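[1] Dropping a prediction and its sequence here:
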Amino acid sequence: MNTLAQDYVRLVLAMGQHDADYVDAYYGPPEWKPTGEKRPLRDIDGDAKALLMRLAAISPAAGDELVTLRHRYLTQQLSALRTRIAMLSGTRLTFDQESKALYDAVAPTRTRQDFERVLSELERKLPGRGPLVDRYNAFRDRYTIPKDKVDAAFRAAIEGCRAKTLAHVKLPADESFTLEYVTGKSWSGYNWYQGNYRSLIQVNTDLPILVDRAVDLACHEGYPGHHVYNVLLEQHLVRERGWPEYSVYALFSPQSLIAEGTANYGVDVAFPADERLRFEREVIFPAAGLDPAGAEAYYEVKALVDRLSYAGNEAARQYLDGKIDAKGAADLLVSWGLYSRPRAEQRVRFTDQYRSYVINYNLGQDLVAAYVERLAGPVDHTRRWQVFTGLLSSPRLPSGLSAPQPAVHDALR
Ligand SMILES: [Zn+2]
């Protein structure tokens, strides 16, 4: 399968010449990178189709679950690559068709009514005059990290997330990251994995940074999120097994649902609610120059607002399916999801660039949570870390999260 895997890597890299966002990371042999004229999309597609037929002709050795997952991974990643080619060539898909073909999942449809109960609970928690969204955003503004404290708050958060992770996950001694602040992006944070167990983590400072972003981004981009996921794939699959396909990361592919889902769920794994509150009070609020007495109220409200996360999918679905325009999408985010206007507009720009990718965050988080909690049970914290780490070290894709298969973490230990 290594020959097929090398061919897969070359096809992903060839796609990068057509689509600047496609290759999110690559740290394999530099000579595999394409040079000169870009290959026509229909040639790449023809090769992908042939590669899929070669894959279908071999059956992976029974008994090694990782090999079975690898075979399925290559098949699904290639199929998503062909979908992306079709999209770049003008094929129009509905939001749900696109997310199924690219990310191996479809987000449930929600209506305004599904959010009513949470919204009315928030009405009670944040009494006063004017629309709820204004009251909520005025409440949030009080928890903005002053500009000159942002770096201290982030460094404290990363240190905390890293310590929590290292207590449960064995990482290579030379893993590290660089932290940078940037502007003019449609995202709020990004992890660029560089190989050799190193990441570049960028934080976007276009909009004011709220206190919860410190731990959320530190866990999501760093520990135990994207940085750890990439480090474990490099260590266990690329280096130990010699599987080259994990040295490239195709952004518009099923792997992204696992990446974003584990990065979001990783916040809860590292900091269950009570531990999070303690850490915020004792470390983050002081580092951010905020009064720790306000932490509890903030996280009570945040827990409710987190339950509005599917509003983001609905705005994207209706917008990309042509039912509403960009302003309508921003309005929906404001009224269903309580986004401030600038945040809603940033989110619509994100949707323009990444399209149905938006499902990977909240649906990915829910699918990963269900998988981990099914195998680990709801209370055993150590077991939860084990199952979670097993997922981070494996080529499992979204549809493999629900299938009743033996757990990879047992094979890895
Ligand atoms: Zn992410």
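    Looks like it arrived, so ask away.

[2] where are the low-confidence patches of the stretch 101-250 of the chain?
    Scanning the stretch 101-250 of the chain for pLDDT under 70 picks out no residues.

[3] which one is residue 269 nearest to, not counting chain neighbours?
    Of all residues not flanking residue 269 in the chain, residue 388 sits nearest, at 5.3 Å (CB to CB, 6 or more residues apart in numbering). The way it works is simple: take the backbone N, C-alpha and C, and place the C-beta from them, glycine included.

[4] and the helix or strand hosting the one you found, how far from the chain's centre?
    Residue 388 belongs to helix 381-392 when elements are defined using DSSP states H and E. Distance of helix 381-392 from the chain centroid (CA atoms, centre = their mean, to the nearest Å) equals 17 Å.

[5] Skipping adjacent residues, who's closest to residue 191 in space?
    What sits nearest to residue 191 in space, not counting adjacent residues and going by CB to CB, 6+ apart, is residue 226, at 3.8 Å.

[6] do the same with residue 232
    Spatially, and ignoring its direct neighbours in sequence, residue 232 is nearest to residue 393 (4.3 Å; CB to CB, 6+ apart).

[7] so how far is stretch 355-366 off the chain centroid?
    With CA atoms, centre = their mean as the basis, stretch 355-366 stands 7 Å off its chain's centre.

[8] Could you pull out the strands in the stretch 1-150 of the chain for me?
    With DSSP state E, counting those that start in this stretch applied, the stretch 1-150 of the chain shows strands at 23-26, listed in chain order.

[9] can you check the stretch 151-300 of the chain too?
    With strands called from DSSP E, counting those that start in this stretch, the stretch 151-300 of the chain shows them at 176-182, 189-195, 198-204, 248-250.

[10] is it possible to export these to a markdown table including distance to residue 399 and mean neighbour count?
    Output for those, formatted as a markdown table (distance: least, CB to CB, whole Å; neighbours: other CB atoms under 10 Å):
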| stretch | distance to residue 399 | mean neighbour count |
| --- | --- | --- |
| strand 176-182 | 31 | 14 |
| strand 189-195 | 24 | 19 |
| strand 198-204 | 28 | 20 |
| strand 248-250 | 17 | 25 |
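
[11] Of all these, which one comes closest to residue 260?
    strand 189-195 (10.8 Å; CB to CB).

[12] Could you figure out how far that closest one is turned away from strand 198-204?
    160 degrees (axes from the mean of the first three to the mean of the last three CA atoms, to 10 degrees).

[13] Give me the residue at the spatial middle of the protein.
    Central residue of the chain (CA atoms, centre = their mean): residue 260, 1.5 Å from the mean position.

[14] What about the residue nearest to that residue when sequence neighbours are not counted, how many residues nearby?
    Using CB to CB, 6+ apart and skipping residues adjacent in sequence, the residue nearest residue 260 is residue 360, 3.8 Å away. Residue 360: 28 surrounding residues under other CB atoms under 10 Å.

[15] rewinding a little: wouldn't the residue nearest to residue 191 be in contact with residue 261 here?
    No: if you go by CB atoms under 8 Å, residue 226 and residue 261 don't touch, sitting 11.3 Å apart.

[16] tell me the contacts of residue 67?
    By CB atoms under 8 Å, 6 or more residues apart in numbering, the residues touching residue 67 are 1, 60, 61.

[17] of those residues, buried ones?
    For those, a burial check counting by 16 or more other CB atoms under 10 Å picks out 1, 60.

[18] so what's the residue in the stretch 51-200 of the chain that the ion sits nearest to up against?
    Residue of the stretch 51-200 of the chain nearest the ion, by CB to the ion: residue 191 (6.6 Å). Residue 191 makes contact with 199, 200, 201, 202, 221, 222, 225, 226, 227, 230, according to CB under 8 Å, 6+ apart.
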